[in-house]
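In: Sequence and predicted structure, then a few things I'm wondering about:
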Amino acid sequence: MEKVVINESNYNVKKARILRTKEMTPQEKLFEIALEGRMSLDHEPGQFIMLSVFGVGEAPLSVSSSPAVRGSFDICVRAVGKVTSALHRLEAGDEVGIRGPYGKGFPIRILEGNDLLIVAGGLGIAPLRSLIKHVLYNRRDFGKVHILLGCKTPSDMLFVDELDLWNKRMDVYYECTVDRAAPDWAGHVGLITTLLPGVHLKPERTFAIVVGPPIMYKFVIKELLAKNIPERQILISLERHMKCGMGKCGRCQIQGLYVCQDGPVFNYADIKNMSEAL
Ligand SMILES: Cc1cc2nc3c(=O)[nH]c(=O)nc-3n(C[C@H](O)[C@H](O)[C@H](O)COP(=O)(O)OP(=O)(O)OC[C@H]3O[C@@H](n4cnc5c(N)ncnc54)[C@H](O)[C@@H]3O)c2cc1C
Ligand code: FES
């Protein structure tokens, strides 16, 4: 696999400031962040940054905004531990440190001209929002676009306003489902795999892009293979504990692959025989 060239500037922590925060659910917040001097991050959809909360630590986080937005970028963060909870306590005006962007994102040039089946489970929408925004901004470069979204309950749904806009578009097939309904929920109820039979696609020209919790991959991939989507056209993003984020420490290694550098986006054919990957 092609290795990312590391130079010293990749390792520098850049100063950045939180411009805006938005509570999306009790566990997840959206942060709009600007690098010092309003430098652009220049990320590709699917790449991640290492974010430092000074005095606490660093965490890998996917960039959630479109690459077309210059001068600031978004991350959507679930508070699960030390760094992410400390980040949730910060406000607009507070400083953070940023390294990156790192990793291989979604292969945009390869996706162009093809149909896309985007499958997002829970927080998987965070990196996929960057891809979806890019695709919708450059809509003519892609064939049919299907977006399937699943989450536990309606109140866990992220980016609700944007989902509504995607739902209204005539050039996107959009469906969402929840595992458990609420009294005012009139939509689909069931696991995300229950949405797949409703999708009619041409497997030879479809790329399936799946991001969600590890348990989801097994079941979704089984359905995609049953729809005859070639293994190389099934793309997933892996999450592993990381330290350096740039192929130096080995923390994220799975059987010789560095998730931070060879991924986090992989095609299924490359990892299907790695027992520790899925
Ligand atoms: C490439 C990549 C992109 C990510 N993108 C996002 C994102 O967009 N939004 C988001 O909220 N989170 C994302 N994560 C997960 C995020 O990095 C972890 O939740 C975070 O590092 C936890 O740090 P902490 O100090 O808050 O938690 P800790 O106090 O270190 O740990 C709390 C719990 O989280 C688990 N954990 C810690 N790091 C990871 C990890 N990397 N993967 C899985 N479990 C972990 C620990 O085992 C522990 O159970 C991403 C991870 C990777 C590798
Ligand atoms: S996190 Fe250090 S090698 Fe991947």
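Out: Sure thing, it's come through. Since we're looking at a predicted model, the values are computed, not measured. Ligands and ions are numbered 1, 2, ... in the order given.
In: What distance do you get for the closest residue to Gly212 other than its chain neighbours to Ile192?
Out: Closest residue to Gly212 apart from its sequence neighbours, by Cβ to Cβ, 6 or more residues apart in numbering: Gly121 at 2.4 Å. Quick note: C-beta positions are derived from backbone N, CA and C, even for glycine. Gly121 sits 6 Å away from Ile192, taking Cβ to Cβ, to the nearest Å as the criterion.
In: Look up the residues that both of these two are in contact with.
Out: Counting by Cβ atoms under 8 Å, 6 or more residues apart in numbering, the residues touching both Gly121 and Ile192 are Leu149, Gly150, Gly212, Met216, Val220.
In: out of the residues you listed, who has the most neighbours?
Out: Gly150 (28 neighbours; other Cβ atoms under 10 Å).
In: Distance-wise, check that one relative to Ile118.
Out: 12 Å.
In: for Val220, same thing?
Out: 11 Å.
In: What are the structural domain limits within this structure?
Out: Domain segmentation of the chain under automatic domain parsing yields 8-102, 108-271.
In: Just checking the first one against ligand 2, any contact.
Out: No - applying Cβ under 6 Å from any ligand atom, one finds that domain 8-102 is not in contact with ligand 2, the shortest distance being 7.8 Å.
In: Let me know the average pLDDT across that domain.
Out: For domain 8-102, the mean pLDDT works out to 95.
In: And stretch 216-232, by the same measure?
Out: 95.
In: List the buried residues in that stretch.
Out: Going by neighbour count (16 or more other Cβ atoms under 10 Å), the buried part of stretch 216-232 is Met216, Tyr217, Val220, Ile221, Glu223, Leu224, Leu225, Ile229, Pro230.
In: Briefly note if that stretch comes near ligand 1.
Out: No - judged by Cβ under 6 Å from any ligand atom, stretch 216-232 and ligand 1 are separated, with a smallest distance of 13.9 Å.
In: what does that stretch contact?
Out: 117, 119, 121, 124, 150, 191-193, 196, 199, 201, 203-204, 206-208, 210, 212, 234, 236, 267-269, 272, 278.
In: In strands only, show me these.
Out: Leu117, Val119, Gly121, Gly150, Thr206, Phe207, Ala208, Val210, Ile234, Ile236, Asn267 (DSSP state E).
In: Phi and psi next, for the residue lying closest to the last one once chain neighbours are set aside.
Out: Nearest-residue entry for Asn267: Arg232, 5.1 Å, with adjacent residues in sequence omitted and distances by Cβ to Cβ, 6+ apart. Taking degrees, to the nearest 10, you get phi -70, psi -10 for the backbone angles of Arg232.
In: Quickly name whichever of the ones in strands among the contacts of stretch 216-232 is closest to ligand 1.
Out: Ligand 1 lies nearest to Ile236 out of the ones in strands among the contacts of stretch 216-232, by Cβ to the nearest ligand atom, at 12.0 Å.
In: Name whatever forms a beta bridge with that closest one.
Out: Val210, Phe266 (DSSP bridges).
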